[in-house]
Each structure stands twice: as C-alpha cells, then as structure tokens.
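Asks: let me see the structure of the following:
(one chain, ligands or ions: 1)
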Amino acid sequence: MQNPKNMLASITGNTKILGVIADPVSQARTPVMANTLLDERGLLGAFAMLPMQVSAEGFPAFIAGLRAMKNFGGAVVSMPHKIVTSSLVDELTPEARLVGAVNVVRRNQDGRLIGTILDGEGFVAGLVGAGYNVRGAHVLLVGAGGAASAIAFALAKHGCTSLCIKNRTPERASALLARVSHAYPQVKISAEVYSNDHYDVAINATSLGMKPSDELPIAKGLIWQCDLIAECVIAPEMTPLLLEASGQGKVVQTGVPMLAAQMNLMLAFMGAE
Ligand SMILES: NC(=O)c1ccc[n+]([C@@H]2O[C@H](COP(=O)([O-])OP(=O)(O)OC[C@H]3O[C@@H](n4cnc5c(N)ncnc54)[C@H](OP(=O)(O)O)[C@@H]3O)[C@@H](O)[C@H]2O)c1
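Replies: The predicted structure is shown next:
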C-alpha cells in the first residue's frame, strides 16, 4: 500500500471523485476502506473517495449539482439521505425501487444519476460470512429507515421464516411490513413482540448507539429472548447494545462485516473496477 503522501500525489486532473455523503460524516469508515481497496487494485489516482458532509436541507441542490460535475463517478449515500435520494435520482435499479431507498449513486457520462441499494445484501453476506443461515430464521428487526428497509427485503428474499419489525414511529414499521409481505407473502410478519417469543437473530438498524447518551434499541429483557444480536452501527464498533448482549452471553456481530461485504459491490457499481 502507498504511504499517505504518495496517495495524495496520485490524485491528478484525471481523477474521478467518489464520495460518501452523510451528516454527520466524521464517523464514516467508507473512505479509508474504499481508498485502501482502490490502492490494492492499482486504481487509486484513477479514483479517490472523499467524505461529503451535506445537510438534509441542502441535499436536493447538492444532488442536482452532481449532475453537472463531470468528474464525479458516484457516491455512497448514508444517513439521513437514503430515502429521499430515491426520489432525486434519474433512475433506480429494481432493488432500490422495491426498498424505496438508495445507498449508492453512480453518475453516467450523460450526467444521469442511477441509484441502487446494497445494504440488505451486505448485511446478509456479513451474517453468512460469520457462519449463520438466514433461511428458516426467526428475525427481530429494530428500525424502519433506509438500512432497515433494505435488510427486511433481503432477509425475506433469502428465506427467513418470520420477521418482526419494531420502530420508534410504529406507522413506518407497519408500512414496511406490509410492503415486505406484498413482495414475499410466505414470510410470517408481526409488529408485536411477546414475552415467550424467541428470535434467532435480532438486528439494530436504527442509529441508536452512535451517541453515548442513546438508550438501548433493544431492551435488556428482550435481548435475553434472542440468540444472535447484530448491529448496523459501525462507530463505535462495540455499541452499548453489543456490550450488554455479550454480558448476557449472547453471540454478537458488529456493523463492520455488513460494510466490508458491500465495498466490492459499491465500487463496482460506481465503475471503479
Ligand atoms: N454497517 C453498515 O454497512 C451500515 C449500512 C447502512 C447503515 N448503517 C447504520 O445504520 C443506522 C441507520 O441508518 P439508516 O440509513 O437506515 O438511517 P435512517 O434511514 O435515517 O433511519 C434511522 C432509523 O433510526 C431510528 N431512530 C433514529 N433516531 C432514533 C431515536 N432517538 N430513537 C429511536 N429510533 C431512532 C429511526 O426511527 P423513526 O422511523 O422513528 O425516525 C429509523 O428507524 C446508522 O447508524 C447507519 O450508520 C450501517
């Protein structure tokens, strides 16, 4: 791998700029992971990824500006922009249309922006990579935003038996359950958790855990009813939820495998192959 000084020198007038767009963005690991992968493949310089902190208010204007930026290759889209991006790009892949959210945008040569979503496949690949099977699983998913929606559809696609979704705003959970059930009617859906329920996997797909003051997204008593606790949150890597679950003797999975599994797919979608 190049040293950081040489890495900067590899950026020229021909470099295609890739981004990770989020607010906040300082916690994002994507630039380091992407630039390291690009470097390993001899592509750093042809492409380079930078953090882009964009507020929700300024986001539509920013997206419009990207159409005009001829050396923009594409961007990873993160919180809080994933859902709104699906209505701002020019074209969606079938997966993004189904989920209603986008986590990667590519700029075609004609300036058109194409959006897809890879969070769900990344999450499932992370689980499978750690030796777990989604087929037949009873799953509790907390959250109903972009990541949760992608994960819900991917779990259903990969054959989970039941899916319970809880969210701070219950209407969003009900709406997501209805959409999953419409696409995958064989999956048993629920919006309620009962004290005698047992879950093979419980997933935090909310942003709770990023700030030290956050409450646990899954109550201590409910953790006890689950075998594996998996996170989407990446920073901190060991969230209070995972620390509590480990303390209860549960198997835990951080948010890192989900992102690592997506990196190749993200770079390929943005043309950095
Ligand atoms: N590891 C990875 O590769 C990966 C990939 C994608 C995302 N992530 C992480 O996953 C998390 C969610 O991302 P996202 O893109 O899905 O965000 P999003 O679309 O903005 O959704 C946020 C979710 O968190 C819930 N939430 C936010 N603040 C809350 C609070 N104070 N109390 C309870 N619930 C709260 C929201 O509930 P409401 O519906 O009630 O607002 C919603 O369900 C973030 O931490 C993100 O960094 C990780």
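Asks: show me how this protein divides into domains.
Replies: Domains of the chain are assigned by automatic domain parsing as 4-117, 120-255.
Asks: tally of neighbours for whatever residue of the stretch 51-200 of the chain ends up closest to the ligand?
Replies: Closest contact between the stretch 51-200 of the chain and the ligand, by C-beta to the nearest ligand atom, is at G145 (2.0 Å). To be clear about C-beta, it is placed using only N, CA and C from the backbone, and glycine gets the same treatment. G145 has 21 neighbours, counted by other C-beta atoms under 10 Å.
Asks: list phi and psi for it.
Replies: The phi/psi pair for G145 (degrees, to the nearest 10) reads phi -90, psi -150.
Asks: so what's it up against?
Replies: M79, K82, I83, A101, R172, A205, T206, S207 (C-beta atoms under 8 Å, 6 or more residues apart in numbering).
Asks: ok, for A173, nearest residue in space, not its chain neighbours?
Replies: Distance criterion C-beta to C-beta, 6 or more residues apart in numbering; nearest residue to A173, sequence neighbours excluded, is N167 at 3.9 Å.
Asks: for A64, that is, sorry about that
Replies: L88 (7.9 Å).
Asks: wait, isn't that neighbour in contact with I63?
Replies: Yes - between L88 and I63 there is a contact under C-beta atoms under 8 Å: 4.6 Å.
Asks: between these two, point out the one with more neighbours.
Replies: I63 (21 against 18).
Asks: okay, now the unreliable bits of the stretch 151-273 of the chain?
Replies: Residue ranges of the stretch 151-273 of the chain with pLDDT under 70: none are present.
Asks: still on that earlier bit, quick check, pLDDT for the residue of the stretch 51-200 of the chain closest to the ligand.
Replies: Looking at G145, its pLDDT reads 90.
Asks: if we can go back for a sec, to M263, which of the domains of the chain lies closest?
Replies: domain 4-117 (5.5 Å; C-beta to C-beta).
Asks: tell me where the stretch 101-250 of the chain has strands.
Replies: Secondary structure of the stretch 101-250 of the chain by DSSP state E, counting those that start in this stretch: the strands cover 104-107, 113-116, 138-142, 162-166, 188-190, 199-204, 226-231.
Asks: can you list these in a markdown table and add distance to the ligand and mean neighbour count?
Replies: Formatted as a markdown table, the strands of the stretch 101-250 of the chain follow (distance: least, C-beta to the nearest ligand atom, whole Å; neighbours: other C-beta atoms under 10 Å):
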| stretch | distance to the ligand | mean neighbour count |
| --- | --- | --- |
| strand 104-107 | 11 | 26 |
| strand 113-116 | 14 | 23 |
| strand 138-142 | 8 | 24 |
| strand 162-166 | 9 | 22 |
| strand 188-190 | 17 | 15 |
| strand 199-204 | 8 | 24 |
| strand 226-231 | 7 | 22 |
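Asks: quick one: closest of these to I17.
Replies: strand 104-107 (9.8 Å).
Asks: show me what that closest one is packed against.
Replies: If you count contacts as 3 or more C-beta pairs under 8 Å, 6 or more residues apart in numbering; DSSP states H and E, strand 104-107 packs onto helix 59-68, strand 72-77, strand 113-116, helix 256-269.
Asks: now, of those, which is deepest in the fold?
Replies: Stretch with highest mean neighbour count among the helices and strands packed on strand 104-107: strand 72-77 (a mean of 26; mean count of other C-beta atoms under 10 Å).
Asks: how about the residues of the stretch 151-273 of the chain by the ligand?
Replies: 167-169, 172, 205-208, 210, 232-234, 255, 258-259, 262 (C-beta under 6 Å from any ligand atom).
Asks: re earlier: just put the strands of the stretch 101-250 of the chain in TSV and tack on distance to A125.
Replies: Output for these, formatted as TSV (distance: least, C-beta to C-beta, whole Å):
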stretch	distance to A125
strand 104-107	15
strand 113-116	15
strand 138-142	16
strand 162-166	18
strand 188-190	23
strand 199-204	14
strand 226-231	12
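Asks: how about those strands, which one is nearest G129?
Replies: strand 226-231 (12.0 Å).
Asks: gap between the closest one and the chain center?
Replies: 17 Å (C-alpha atoms, centre = their mean, to the nearest Å).
Asks: okay, the angle between that strand and helix 256-269?
Replies: Angle of strand 226-231 versus helix 256-269, following axes from the mean of the first three to the mean of the last three C-alpha atoms, to 10 degrees, is 50 degrees.
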